[in-house]
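1. The sequence and its predicted three-dimensional model are supplied below.
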Amino acid sequence: MITSLSWLKNHLDTKANLNQVAERLTEIGLEVENIKSSNSNLDNFIVCKIVKAQKHPNADKLKLCDVNIGSGTLVKVVCGAQNARDGLFAVYAPPGATIPKTNMKLKIAKIRGIESHGMLCSGYELDESSDKEGIIELNKKEKNIGDKYFKSIGEKIIDISITPNRPDCLGVRGIARDLASSGLGKLKKQPPIRISQKFKSPIKVSIKKEKGQGCAIFGSVYIRNVQNKESPDWLKKRIISLGLKPISAIVDATNYVMFDLNRPLHAYDADKIDQEIIVRNSKKGESFEALDNKKYALENNMCAITDKSGVLGLGGIIGGTRSGTELSTKNILLESAYFFPSPIRKTSKILNIDTDAKYRFERGIDPHSIKLGLELGMCMILDICGGEASKYSIIGKIKEERKIIDLESEKFSKVIGSSITSAEIKKILTSLGCSLKISGKKIKVLPPTWRPDIKEDIDLIEELTRIKGYDQVPLINPEKENIKDPLNYKQKIFHFAQRSVASKGYTEAVTWSFTDSKMDNLFSELKNEIKLSNPISSDLDVLRSSLYSNLIIGAKKNIHRNFEDLMLFEIGPVFKGSKPGEQSTMIGAIKTGKYSRKNWLEKERNFDVFDIKNDAIRTLNEIGIDSSKIVVSNKPKKWYHPGRSGLLSLGSSSGPELAYFGEIHPLIIKKADLRTDNVLGFEIFLDNIPESRKKIREAKPKFEVSDYQKVVRDFAFVIDEKYSSGEIINLVKKIDKDLIKNVKIFDVYHGENIDLGKKSIAFNVTLEPKDKTLSEKDIDQISKKIISTVQDTTGANLRS
Amino acid sequence: MENLDKIQSDILSKIKNVSDKNSYETIKTEIFGKKGIITELFKKIGSLNQDQRKEYASKLNFLKEKVTEILEKKIENFNQSEINKKLKHEKIDVTLPGRTFFQGKIHPVSQVIDEVTSIFSEIGFSVEEGPDIENEYYNFSALNTPENHPARDMHDTFYLEHSKDLLLRTHTSPVQIRTMLKGKPPFKIIAPGRTYRHDSDQTHSPMFHQLEGLHIDKNINMGHLKGCLYYFVKKFFEVEKVKIRFRPSHFPFTEPSAEVDIGYKIQDGKIKIGEGDKWLEILGCGMVHPNVLKNAKVNPKQYQGYAFGVGIDRLAMLKYGINDLRSFFESDIRWLEFYGFDPLDVPTNYRGLSR
């Protein structure tokens, strides 16, 4: 909402200056966004000179112009006008400016392959003439280059952000009322209207009684023999200050009333109305051309203002060109109506129309302002254009929805923490327009008709607090007592895991929850992707089902910038379904490139599966899962290299899945254009980490160490390739769980001297006796058992 | 009886001639070996008579100690010079780079969530979470924002395909409803999380992070809200003095509602929080609307309290001087390393929030 100090002073008797007013507005909840010197959009349009106009290299009918826009700045503008030529003075609109006629905001755009920085305007585009051919030709001099094309209004304007609960402040008078209530002046009375209205309006108006009728009241006045013209200067200035373009006295007057009183009006050229006005629901198939020069096809049940020939306009949203006023208009019908908010909103959403009237009606207009609006609009028009006004015609009525609210001053202190007197309550609420009845501590309040937001006592308490000032609310220091543990188990695990992965050298990324479906499909096992109906762009069209998709996209950007040895991870949600809660928390981490790239000390090598496996297992260890409980198996997902990836599960290979790790599938790496052949990753399913019932200190067994020497013995077998190291380790461990503390593979060998399909595997076994020192005989015995078990189970041969 | 003095001077002169470890070993055997000079002398003790024996033995022991001492000194010298000689050849260039080491980093958003969580946990809040996909009811209706209400325009909402009901939450406030529905008052929670709005430019990202706060009990009033947020802002920005302004505003789910601004100034091109005459909006808050409590099955006649919502990314930008919101989510390793935090740098109350 835009206003100015002088406009406010029409309604407010105050000595306050602009800054005091602005400060107070913000203090009472009417936040001043900024104070501008004048309307910035029209200021955008400046006088320029075409230095050179050449043919566009890629289009015969377009010209590429070098345009001088002042202070020596030259810009390139593509222009389609025939009259664009060297040396012509014209009107230039820079990127960011909004074209008055089309309401289109200019952007830097490529036109046939060449960037155009802004536009040279025609009279039509500036809403100054109907001439669409050619750009405006100005009779200016060099010194005018860079001047504003539109005259500036001189006074500073205040731009206020009005919250949706305050339709009354979408009018200057509402703002003035709030200021007065807060003590910054006195609200002026509206001057009485004395106009002689002798005749009856010749245009019959009816509101059709039907289901879902969007119009409750239709007030109108017929004014004959007007002489429409340009508005006087004072009115033009006001209109320009609103960011609008003055059109004619009649249109400007209706706009003025809308911004002055939050009371939308509409003026029809009465001679263009076919017999009578019927307000009725539209029927599918009806259409009309609106004042924004667009044709709208209507659906059923939209609130249409019609005559015998068809639709004239959409009630409360936009009028039509058929009955629009022109400078030649002689007789007008001025409308002041009440439309229900919800149908207005529905219709404008379907048709995608946003107008100042619609914005106001959907927030709620004072239904008692019908006559006031007609009065002010009529007076202004008669004043400027002359003519004679009919009697008012106001048909329809609205159910009184206001209720008397019971307010207790104790409730105020209970909610706000400080007290208020009945006198204060009375003063504040009365100044806001409420009617009060006070009997002892009980106060009955009837809110004003322009405040649809005030419905219950808490709304009144807000008003009282707001006007008293939020700085009057006491400050009570917080108590430091906890009702519950700050974090639950899962949240603790999350924080641990996050820092654990980072401590392995991975850098945390936070990426969007949506991603490119093409990429996500490569990492998904979902039957149906979770699509957004209105994605921000086509490559962010689905909710991610894996953390890999965005990490790979991120890695690609870095690799293409020559950061090729990367370690990135993310911890966060992935989505399994489209219902609330169908998501799980995961860690995804990737490693690309080389370890020790070009290092004098170590041999350069690719990151490999055992790097990533280590990272995954160590992270699991650090979040509390014992290595002995982690089972490694080769059960790949489709996005991993089938032979170089694995699953870490809990307890057994069919236990809860804790993590996957491995090389990303070479085809995916290729498809993603990563420019590397080495990408590894791991995924941890945090939701599968079981909550331990005991604290670590409780779960630990007694501290016991053996006083007896531990013994390490080496073994080597030639064994069939199909047996994994994990299987052999488990096999050996099982032989004597008490005695065998550890089995460690220290060599795996294929090649010379080993038959094809076989491998040599060497491991050492650590024996830790608990009750006696092992004798040679004991050691021999267990060694034999190890050899025979391995041989019998796998058909392996002991290597000598 | 042997002339021990003579023997001693013989031995010492022999030792004197020892020049390397080998001849040292030889001489050691010659003296202390099975048939060594001193070993032989000891053997003679038995053959002496009582009165000679004592004096002989004591002299002999003295001789042994003296010789042992000299020998030890000798070998130590040898070792010393041997090592010195070796060390001379063992010099390396320690200024060469060491083994490859990858320094991981924590994202500023995560760090700030931890900082904020630490602060609120000090004053009794616990952490709750809610789903990223929500339905209209939890995201809007239950929060006193009915369908066709213009307040819904304040949120540009992402909807899921084929559904008018399912959406990406536009704020963390639905967690209020979910928390209250599954428990009994009092409630004192914060809920950090991802939020989504269909908006993308310099200062808006389609995804951002919020922290919701909710405190409901029998007598929690707006003064408590003010106290809580003052505490938070002071702690978070780690400043002694802080200029805060509570300004009336409107959210459908709180009443009275407020926006909170903090004072700042620009000094030497950097933002300085807590002083100066410029204002910056950092959060929205208010007393929970009775309708919201009713929707969450909490009796508004018995219980009341406050709620607030803070933009986490915004806090991170302000505290750590980051300019562009969108860069948070672009995974540019240069940015992540520059603004990221050491994983061991866990924000705590006792060690300080930030270093």
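-> Looks like it arrived, so ask away. Residues are numbered from 1 along each chain as shown, chains lettered A, B, ... in the order given.

2. buried sites along stretch A:578-592?
-> A:578, A:580, A:583, A:585-592 (16 or more other C-beta atoms under 10 Å in any protein chain shown). For every residue, glycine as well, the C-beta is placed using N, CA and C.

3. So is that stretch next to chain B?
-> Yes. Against chain B, stretch A:578-592 shows contacts by C-beta under 8 Å from any C-beta of the partner chain at A:578-583.

4. Kindly present those residues as TSV, with separate columns for pLDDT and secondary structure.
-> Below are the residues of stretch A:578-592 next to chain B laid out as TSV (pLDDT from 0 to 100; DSSP: H, G, I helix; E, B strand; the rest coil):
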residue	pLDDT	secondary structure
A:578	91	coil
A:579	93	coil
A:580	94	coil
A:581	94	coil
A:582	95	coil
A:583	96	strand
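
5. next structured bit after the top helix by length along chain B?
-> Criterion DSSP state H: the longest helix present in chain B is helix B:50-88. Downstream of helix B:50-88, the next assigned helix or strand under DSSP states H and E is helix B:108-122.

6. Let me know how buried residue 50 is, in neighbour terms.
-> Using chain A. 23 (other C-beta atoms under 10 Å in any protein chain shown).

7. actually chain B
-> Using other C-beta under 10 Å, residue B:50 has 6 neighbouring residues.

8. got it, and residue A:42?
-> Count around residue A:42 with other C-beta under 10 Å applied: 22.

9. mind listing what it touches?
-> For residue A:42, the contacting residues are A:100, A:148, A:150, A:240, A:243, A:245, by C-beta atoms under 8 Å, 6 or more residues apart in numbering or on different chains.

10. Same question for residue B:129.
-> Here residue B:129 is in contact with A:491, B:175, B:191, B:193 (C-beta under 8 Å, 6+ apart).

11. Of all residues in chain A, which one is nearest the centre?
-> In chain A, the residue lying closest to the centroid (C-alpha atoms, centre = their mean) is residue A:536, at 9.5 Å.

12. Check that one and give its pLDDT.
-> pLDDT, residue A:536: 88.

13. Now the residue nearest to it when sequence neighbours are not counted. Its backbone dihedrals?
-> Closest residue to residue A:536 apart from its sequence neighbours, by C-beta to C-beta, 6 or more residues apart in numbering or on different chains: residue B:206 at 4.6 Å. Main-chain torsions, residue B:206, degrees, to the nearest 10: phi -60, psi -20.

14. Spit out the contact partners of the spatially closest residue to residue A:409 that is not a sequence neighbour.
-> Excluding its sequence neighbours, the residue lying closest to residue A:409 (C-beta to C-beta, 6+ apart) is residue A:420, at 5.6 Å. The contact partners of residue A:420, taken as C-beta under 8 Å, 6+ apart, are A:409, A:412-413, A:464, A:468.

15. ok so, going back, include secondary structure when you put the buried residues of stretch A:578-592 into a markdown table, please.
-> As requested, the buried residues of stretch A:578-592 are arranged in a markdown table below (DSSP: H, G, I helix; E, B strand; the rest coil):
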| residue | secondary structure |
| --- | --- |
| A:578 | coil |
| A:580 | coil |
| A:583 | strand |
| A:585 | strand |
| A:586 | strand |
| A:587 | strand |
| A:588 | strand |
| A:589 | strand |
| A:590 | strand |
| A:591 | strand |
| A:592 | strand |
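
16. tell me the SS of the residue of the stretch 151-300 of chain A found nearest chain B?
-> Residue of the stretch 151-300 of chain A nearest chain B, by C-beta to the nearest C-beta: residue A:163 (3.4 Å). Put simply, residue A:163 is coil when judged by three-state DSSP.

17. Tell me how many other residues crowd it.
-> Using other C-beta under 10 Å: residue A:163 sits among 21 other residues.

18. Also residue A:439?
-> So residue A:439, with other C-beta under 10 Å, has 7 neighbours.

19. Low-confidence stretches in the chain?
-> Going with chain A. Where chain A drops to pLDDT under 70, the residues are A:38-40, A:152-154.

20. The chain in question should be chain B.
-> Those would be B:1-2, B:151, B:153-154, B:202, if you go by pLDDT under 70 across chain B.

21. same thing but at 80, please
-> Along chain B, the model assigns pLDDT under 80 to residues B:1-4, B:147-155, B:200-203, B:269.

22. mind giving me the domain split of the chain?
-> Picked chain A for this. Domains of chain A are assigned by automatic domain parsing as A:2-39+A:154-187, A:40-144, A:204-395, A:405-472, A:489-688, A:704-798.

23. Please refer instead to chain B.
-> B:4-88, B:108-339.

24. Quick one: closest of those to residue A:71.
-> domain B:108-339 (25.7 Å; C-beta to C-beta).

25. give the contact list for residue A:710.
-> Contacts of residue A:710 (C-beta under 8 Å, 6+ apart): A:741, A:766-769.

26. Out of those, who's the most crowded?
-> residue A:767 (22 neighbours).

27. Let me know the distance separating that residue from residue A:786.
-> As judged by C-beta to C-beta, to the nearest Å, residue A:767 and residue A:786 stand 10 Å apart.

28. if we can go back for a sec, the residue of the stretch 151-300 of chain A closest to chain B and residue A:746, how far apart?
-> 72 Å.

29. Likewise for residue B:66?
-> 53 Å.

30. Between the two, which is the more surrounded one?
-> With neighbours defined as other C-beta under 10 Å, residue B:66 and residue A:746 compare such that residue B:66 has more, 13 against 10.

31. quick one, what contacts that one?
-> residue B:8.

32. and if you look at the one 4 residues further on?
-> Applying C-beta under 8 Å, 6+ apart, one finds that residue B:70 lies in contact with B:12, B:15.

33. ok, it to chain A distance?
-> 40 Å (C-beta to the nearest C-beta, to the nearest Å).

34. which non-adjacent residue is nearest whichever residue of the stretch 301-450 of chain A sits closest to chain B?
-> Residue nearest to chain B within the stretch 301-450 of chain A: residue A:417 (3.2 Å; C-beta to the nearest C-beta). Nearest non-adjacent residue to residue A:417, counting by C-beta to C-beta, 6+ apart: residue B:223, 3.2 Å away.

35. would you say that neighbour is within a strand?
-> No. Counting by three-state DSSP, residue B:223 is located in no strand; its state is helix.

36. and it, what is it in contact with?
-> Per C-beta under 8 Å, 6+ apart, neighbours of residue B:223: A:416-418, A:473-476.

37. and with 6 Å instead?
-> A:417, A:473-474, A:476 (C-beta atoms under 6 Å, 6 or more residues apart in numbering or on different chains).

38. try residue A:652
-> residue A:631.
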